[in-house]
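**Q** Pasted the sequence and its predicted model underneath.
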Amino acid sequence: MAPGLAAATAPSPARGVGFPILTVITLLPAITAVVAALLPRRRIEFVRLVAVGGSLATFVLTAFLTWRFATGTAAFQFQSEHTWIQSFGISWHLGVDGISLFLVLLSGFLFPLAMIGPTIHGDSKAYWVWMLVLETGCIGSFLSLDLFLFFLFFEFTLIPMYFIIAGWGYANRAYASMKFFLFTLTGSAVMLVGMLALVILHAKANGGGLTFDLMALTRGSPISSTAATLIFLSFVLAFGTKVPLVPIHTWLPDAHTEAPTGGSVILAGILLKLGTYGLLRFGVFLFPTQARDLAPLLLVLAVVGIVYGALVATVQKDLKRLVAYSSVAHLGFIVLGLFALTSQGLSGGVIQMVNHGLSTGALFLLVGMIYERRHTRQIADLHGLQKVAPWLATIFTVVMLSSIGVPGLNGFVGEFLVLIGTFITHRWYAVVGATGVILAALYLLWAYQRVFHGEPTGDNAAMGDISWKERWVMAPLLLVIVFLGVYPKPVLVRIQPSVDAVLVHVHDVTGYRQPDVARPAAAPASQPETGK
């Protein structure tokens, strides 16, 4: 077995955890959703307590998982594997490594804030239930090591998000929710065809039974180059739609603009990362040759997204739509880092997934707070807010600077690593991508100047500052934004071995290698929680 693959498939160093923690983390929000749905609507405060309590309990478990995660190994840890449909080689197989760890933690962190922070207009019980169902779909997607199981969770996220946008969104919510559903469903349907083709061709090439196991599909004789290229492109289409990459991005601004505040937070913070995570976990890892050969195509799409997203954001009149287009640009940075195929680029791309979720999620919360007070998001109607809402202006400033990538805040770390990693192998892509940092400063600082500077008049003069509850909701986001900007080492040391394992795997298959990538050590022998 290739050394990089051996490091990733070594037994899990589950450090004293005597229960299937990944299964519990995945299913707890869904179980809580069922309990909340069965409670009587007249006891709405108790329903709220149960729903938020279940999400907070999930966060506590993800934090415990992060604490117990062993550093210095690329192995999938805390694995839980049980045969599900034996004749098709489908299993309930969960595992976490440095690439997925902090996306799981981010999910546990953001969902309670998205449920507590925004004001919910309409049926709050149904809203909380759908949010909990969505949380299970997101976490399950990040933890699945069986392709069929991943596909189920990946598709499962479409349903609750569709109902959240359609049920609690704004004026054009029906159009936006349907557009979101059709775009992502079409991409997923193409991926399903590619996934089934991969499983069948792999079985024929190796003379064995069907298997959907991620690691098993990387072993044995490879399938033909043409078939692998077509299947890889089907994965790129599905995950590229979820990212989204230009030109299949048009659903995102509409979905963000019409979604309720909590929906926008989760859409930007978590759901978009299913696309970038999928490109790395299933695209690059399963098809290293195709990822290397087609990297220029993905790099072109990445820099186009960076520049296009920033330029379009600059001319937006709606503050929320401006933040939505900024996501197109920021996600372009992540894709740029992933397909630079360097240690710095991959590490930067992975940590930037987390950083974008924090900063953009916080921006959507703040825009929602402004809308609740002014009932408009039109930049032309907003001015002088820093005089009447100094707390809001202060917090917005910190989050905005984080999104720009100012040193000392979390956004700088990811973007710097991405640009350094890309410059090593694709210099001109890095140069063009760096213009996105300048453009981000342009559209965010200009928007801040128009919204918060000047003298407040009319309804702006009567606007109140954010409440203590809203300040407490924003406080943990600000703490993490500053902490990761000042001291990102705890995150990077857990990401690095898994990133290096991917690069070693790419080298072992293709002969391409970045000279300074060390082979990660295999995990110490330990028995994962399994059942057959």
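**A** Everything's here; your move.
**Q** pretty sure residue 376 is touching residue 367, no?
**A** No. Judged on C-beta atoms under 8 Å, residue 376 makes no contact with residue 367 at a distance of 11.1 Å. C-beta here means a position set from N, CA and C on the backbone, and glycine is covered the same way.
**Q** More neighbours: these two, which one.
**A** residue 367 (23 against 15; other C-beta atoms under 10 Å).
**Q** residue ranges for the strands of the stretch 351-500 of the chain, please.
**A** Taking DSSP state E, counting those that start in this stretch, the stretch 351-500 of the chain contains no strands at all.
**Q** Now do the helices in it.
**A** 385-388, 390-404, 410-425, 427-452, 468-486, 489-510 (DSSP state H, counting those that start in this stretch).
**Q** Can I get the ones you listed in CSV including distance to residue 115, mean pLDDT and mean neighbour count?
**A** Listed next are the helices of the stretch 351-500 of the chain as CSV, based on distance: least, C-beta to C-beta, whole Å; pLDDT from 0 to 100; neighbours: other C-beta atoms under 10 Å:
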stretch, distance to residue 115, mean pLDDT, mean neighbour count
helix 385-388, 26, 93, 19
helix 390-404, 20, 95, 21
helix 410-425, 23, 93, 24
helix 427-452, 27, 92, 18
helix 468-486, 10, 95, 17
helix 489-510, 25, 91, 21
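**Q** Quick one: closest of the ones you listed to residue 51.
**A** Nearest to residue 51, of all the helices of the stretch 351-500 of the chain, is helix 468-486, at 15.9 Å by C-beta to C-beta.
**Q** Contacts for that closest one next, please.
**A** With C-beta atoms under 8 Å, 6 or more residues apart in numbering as the test, helix 468-486 has contacts from 109, 113, 116-117, 351, 354-355, 358-359, 361-362, 365-366, 369, 391, 395, 398-399, 402, 407-413, 466, 491.
**Q** again, only this time at 7 Å
**A** Outside helix 468-486, the residues that touch it by C-beta atoms under 7 Å, 6 or more residues apart in numbering are 113, 116-117, 355, 358-359, 362, 365, 369, 391, 395, 398-399, 402, 408-410, 412-413, 491.
**Q** after the lengthiest helix in the chain, next one along is what?
**A** The residue-count maximum for a helix in the chain (DSSP state H) belongs to helix 173-206. Downstream of helix 173-206, the next assigned helix or strand under DSSP states H and E is helix 225-242.
**Q** That next one packs against which elements?
**A** Helix 225-242 sits against helix 173-206, helix 272-278, helix 288-293, with contacts defined as 3 or more C-beta pairs under 7 Å, 6 or more residues apart in numbering; DSSP states H and E.
**Q** Quick one: work out the angle between it and helix 173-206.
**A** Calculated by axes from the mean of the first three to the mean of the last three C-alpha atoms, to 10 degrees, helix 225-242 forms an angle of 160 degrees with helix 173-206.
**Q** average pLDDT across helix 225-242?
**A** Mean per-residue pLDDT for helix 225-242: 94.
**Q** same check, this time on stretch 153-170
**A** For stretch 153-170, the mean per-residue pLDDT is 94.
**Q** ok, now stretch 115-135?
**A** The model assigns stretch 115-135 a mean pLDDT of 91.
**Q** Just the terminal-to-terminal distance for that stretch.
**A** Using C-alpha to C-alpha, to the nearest Å, the end-to-end distance of stretch 115-135 comes to 11 Å.
**Q** what comes up buried for it?
**A** By 16 or more other C-beta atoms under 10 Å, the buried positions in stretch 115-135 come out as 115-118, 120, 124-135.
**Q** With stretch 40-60 instead?
**A** Within stretch 40-60, the residues that count as buried by 16+ other C-beta under 10 Å are 47-48, 50-52, 54-55, 57-59.
**Q** coming back round to it: just name the most buried of the helices and strands packed on helix 225-242.
**A** helix 272-278 (a mean of 24; mean count of other C-beta atoms under 10 Å).
**Q** Can you name the element that comes right after that one?
**A** Using DSSP H and E, the first helix or strand after helix 272-278 is helix 285-286.
**Q** pLDDT on that following helix, on average?
**A** 94.
**Q** Same check on stretch 289-304?
**A** The average pLDDT within stretch 289-304 is 94.
**Q** Off-centre distance for that stretch?
**A** Relative to the centre of its chain, stretch 289-304 is centred 20 Å away, using C-alpha atoms, centre = their mean, to the nearest Å.
**Q** Kindly export it (C-alpha atoms) in PDB.
**A** In PDB, the C-alpha atoms belonging to stretch 289-304 read as follows (Å, rounded to 0.1, in the frame of the first residue of the first chain):
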ATOM      1  CA  THR A 289      -4.200  12.100 -11.700                       C
ATOM      2  CA  GLN A 290      -7.200  13.900 -13.000                       C
ATOM      3  CA  ALA A 291      -6.900  16.500 -10.200                       C
ATOM      4  CA  ARG A 292      -3.400  17.200 -11.200                       C
ATOM      5  CA  ASP A 293      -4.100  17.200 -15.000                       C
ATOM      6  CA  LEU A 294      -7.200  19.400 -14.700                       C
ATOM      7  CA  ALA A 295      -5.900  21.700 -11.900                       C
ATOM      8  CA  PRO A 296      -5.400  24.600 -14.400                       C
ATOM      9  CA  LEU A 297      -9.100  24.500 -15.200                       C
ATOM     10  CA  LEU A 298     -10.000  24.700 -11.600                       C
ATOM     11  CA  LEU A 299      -7.500  27.400 -10.900                       C
ATOM     12  CA  VAL A 300      -8.900  29.500 -13.700                       C
ATOM     13  CA  LEU A 301     -12.400  29.100 -12.300                       C
ATOM     14  CA  ALA A 302     -11.100  30.000  -8.900                       C
ATOM     15  CA  VAL A 303      -9.400  33.300  -9.900                       C
ATOM     16  CA  VAL A 304     -12.400  34.200 -12.100                       C
END
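**Q** quick revisit: for residue 145, find the nearest of the helices of the stretch 351-500 of the chain.
**A** helix 489-510 (13.0 Å).
**Q** could you check the distance from residue 223 over to residue 197?
**A** Residue 223 sits 9 Å away from residue 197, going by C-beta to C-beta, to the nearest Å.
**Q** what does residue 497 give?
**A** Taking C-beta to C-beta, one finds residue 497 at 32 Å from residue 197.
**Q** what kind of secondary structure is residue 92 in?
**A** strand (DSSP: H, G, I helix; E, B strand; the rest coil).
**Q** actually residue 81, sorry about that
**A** Residue 81 falls in the strand class when you classify it by three-state DSSP.
**Q** what residues are up against residue 324?
**A** Contacts for residue 324 were tallied using C-beta under 7 Å, 6+ apart; they are 252-253, 256-257.
**Q** who touches residue 492 in this structure?
**A** Neighbours of residue 492 in contact, by C-beta under 7 Å, 6+ apart: 347, 351.
**Q** Ignore what I typed, I meant residue 85.
**A** So residue 85 contacts nothing (C-beta under 7 Å, 6+ apart).
**Q** Torsion angles phi and psi at it?
**A** Phi and psi for residue 85, reported as degrees, to the nearest 10, are phi -120, psi 90.
**Q** got TSV for the helices and strands packed on helix 225-242, with distance to residue 25 too?
**A** As requested, the helices and strands packed on helix 225-242 are exported to TSV (distance: least, C-beta to C-beta, whole Å):
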stretch	distance to residue 25
helix 173-206	24
helix 272-278	16
helix 288-293	29
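**Q** Of all these, which one comes closest to residue 456?
**A** In terms of C-beta to C-beta, the element of these nearest to residue 456 is helix 173-206, at 30.4 Å.
**Q** For residue 304, which non-adjacent residue is closest in space?
**A** residue 246 (5.1 Å; C-beta to C-beta, 6 or more residues apart in numbering).
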